[in-house]
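Asks: would you be able to build a 3D model of this:
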Amino acid sequence: MAFLPFTIEEQVAAMRAAWPTFSYRTFGKDAVIWRGTLKPLTRSYDVEIAYSTDMVIAGPEVRVISPRLTRLPGNPEGSLPHVYNRDRDPILCLFDPAREQWSGWLLVSETIVAWTIDWLAC
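Replies: Numbering: from 1, shown residues only. Okay, here's the model as predicted:
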């Protein structure tokens, strides 16, 4: 059992093993941004996942780069449900921070990517 959260290097290694088509750029030992394509059903989505050691509790930020997310007029959950920054540069809402569903002791490759695929499929 790990006593410390995964380091950026450990997160990068896990992502490279699980999602080798994702490119990434590190920013020192504290941050990384991955870019890649996910295809949950028939449509492909280019996504960006940003994570830093400052996000150990808050969690990574996931954005859909393309295609642009479509607003759903009249949707009871909102025109663009389950996102932060709805009106500009939406960030996907993948988990409930109040329930502590994410922590730096989890791997982005095993949780955040899977949750992103589920979000896109729905």
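Asks: wait, a helix at residue 26?
Replies: No. Under DSSP: H, G, I helix; E, B strand; the rest coil, residue 26 sits outside any helix and is assigned strand.
Asks: for the closest residue to it other than its chain neighbours, give me its contacts.
Replies: Spatial nearest neighbour of residue 26, excluding adjacent residues (C-beta to C-beta, 6 or more residues apart in numbering): residue 32 at 4.9 Å. (C-beta placed from N, C-alpha, C; glycine too.) Residues in contact with residue 32 (C-beta atoms under 8 Å, 6 or more residues apart in numbering) are 8, 11, 12, 24, 25, 26, 50, 51, 52.
Asks: narrow the residues you listed to those that are buried.
Replies: 8, 11, 12, 24, 50, 51, 52 (16 or more other C-beta atoms under 10 Å).
Asks: tell me how far the fifth one lies from residue 30.
Replies: Note on residue 50: its distance to residue 30, by C-beta to C-beta, to the nearest Å, is 12 Å.
Asks: residues contacting the lowest-mean-pLDDT helix or strand in the chain, please?
Replies: Ranking every helix and strand in the chain by mean pLDDT, DSSP states H and E puts strand 83-84 at the bottom, with a mean of 78. Here strand 83-84 makes contact (C-beta under 8 Å, 6+ apart) with 69, 90, 91, 92, 93.
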